[in-house]
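In: Have a look; sequence and predicted model below, questions after that.
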Amino acid sequence: MSTAKAAGEVKDYSKPILAGKGGSDYERYLRTHELLSLQKTPEEQVHRDELLFQTVHQSSELWLKLAANETAETIELLERGELAGALRLLRRASLALQLTTGLLDMLEQMSPWEYQQVRAVLGHGSGFDSPGFRSLRGVVPGLGQAFSALVRKQGLSLEDLYVHGREHENLYQLAEALTELDERLMLWRVRHYKVVARIIGDEVVGTQGTPVELLGGLIKQTFFPELWAIRNRLTSRAIAEAES
Ligand code: HEM
């Protein structure tokens, strides 16, 4: 083989082939230039921990966006009766929430006193306006409706489904995946409440005037109450059957 031909066969991986900003395809595809300019520069910061605070919030928004997206598609799959595909996406939504909950650990690295400097530049910014959490909260009820419709279509009650779970394997797993998602949402709220209490206190009002106590109350909120209530009925049933 001639040297020229051999050289011609060697691919030049050093040059980007995608369109966009940045010297490499990594930067162009991920749009790292835009992404990494979404945080305040040191000159713009009132406190160095603004980078930590913005990083946690911005990455939370990304994971919540993914959770909402996967949940919305889960509903479509359920409406088409595609249970296995729905389960695959629901697992991802729960994992995205778990990761978002983990991110909250980082906020506890901030000093409560120094955080007051960060808080002073947040305006009326409040988590109630989080687009990620709002869209997730917006799609989750539809998931409950799609699930209930499937159970009804099979002519089952929730109690039948749980007592004879192995005869309705996919549907049973789906019920548990919904419970998991609900639990993950509650766990996020529990962790968030504790972070808030640790950083700004639990007897103060938030940047939008909401008393922090109100956040404590939201912890009990569940999206699928019947999936929790069924466990009480199963325990009562087991006791009644044992006594009869
Ligand atoms: C130092 C960290 C944080 C503090 C002190 C804090 C504080 C608060 C407070 C006081 C509220 C009540 C509403 C208000 O008046 O503002 C709230 C709500 C909320 N925050 Fe945070 N937060 C923090 C971190 C986060 C993070 C990282 C997220 C992630 C997206 C987040 C998302 C939310 C959401 C979604 C709500 C509405 C609560 C619900 O519907 O259960 N927060 N936060």
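Out: Structure received.

In: What parts of this protein come near the ligand?
Out: 56-57, 60, 104, 107, 126-128, 130, 133, 189, 192, 195-196, 199-200, 206-210, 212, 215, 218 (Cβ under 6 Å from any ligand atom). The way it works is simple: take the backbone N, C-alpha and C, and place the C-beta from them, glycine included.

In: Now, of those, which are buried?
Out: Listed as buried from the residues of the chain next to the ligand are 56, 60, 104, 107, 127, 130, 133, 189, 192, 195-196, 199-200, 206, 212, 215; burial here means 16 or more other Cβ atoms under 10 Å.

In: Quick check: mean pLDDT of the helix or strand that contains Val196?
Out: Per DSSP states H and E: Val196 is located in helix 169-199. The average pLDDT for helix 169-199 rounds to 97.

In: Can you list the neighbours in contact with the very next helix or strand once past it?
Out: Downstream of helix 169-199, the first helix or strand assigned by DSSP H and E is helix 212-218. For helix 212-218, the surrounding residues in contact (Cβ atoms under 8 Å, 6 or more residues apart in numbering) are 189, 192-193, 196-197, 200-206.

In: Recalculate using a threshold of 7 Å.
Out: Helix 212-218 is contacted by residues 189, 193, 196-197, 201-204, 206 when judged by Cβ atoms under 7 Å, 6 or more residues apart in numbering.

In: Which one of the residues you listed is nearest to Thr179?
Out: Nearest to Thr179 among those is Arg189, at 15.7 Å by Cβ to Cβ.

In: thought that closest one was touching Ile219?
Out: Yes - applying Cβ atoms under 7 Å, one finds Arg189 in contact with Ile219, separated by 5.0 Å.

In: Distance to Arg119 added to the contacts of helix 212-218, as JSON lines?
Out: As requested, these are exported to JSON lines (distance: Cβ to Cβ, whole Å):
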{"residue": "Arg189", "distance to Arg119": "21"}
{"residue": "Tyr193", "distance to Arg119": "17"}
{"residue": "Val196", "distance to Arg119": "11"}
{"residue": "Ala197", "distance to Arg119": "15"}
{"residue": "Gly201", "distance to Arg119": "12"}
{"residue": "Asp202", "distance to Arg119": "16"}
{"residue": "Glu203", "distance to Arg119": "16"}
{"residue": "Val204", "distance to Arg119": "10"}
{"residue": "Gly206", "distance to Arg119": "10"}
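
In: Correct me if wrong: Ile75 contacts Gln145.
Out: No - at 8.2 Å, Ile75 does not count as touching Gln145 under the criterion of Cβ under 7 Å.

In: okay, the two: which has more neighbours?
Out: Ranked by neighbour count (other Cβ atoms under 10 Å), Ile75 and Gln145 place Ile75 first, with 20 against 12.

In: picking that back up, nearest to the ligand among the contacts of helix 212-218?
Out: Gly206 (2.1 Å; Cβ to the nearest ligand atom).

In: tell me the pLDDT at Ala7?
Out: On the pLDDT scale, Ala7 is placed at 55.

In: quick one: the residue nearest to the spatial centre of the chain from the ligand, how far?
Out: Nearest to the mean C-alpha position of the chain, counting by Cα atoms, centre = their mean, stands Leu97 at 3.0 Å. Leu97 sits 11 Å away from the ligand, taking Cβ to the nearest ligand atom, to the nearest Å as the criterion.

In: I'd like the next helix or strand past the lowest-mean-pLDDT helix or strand in the chain.
Out: None of the helices or strands of the chain scores lower by mean pLDDT, DSSP states H and E than helix 3-9, at a mean of 57. Counting by DSSP H and E, the next helix or strand C-terminal to helix 3-9 is helix 25-30.
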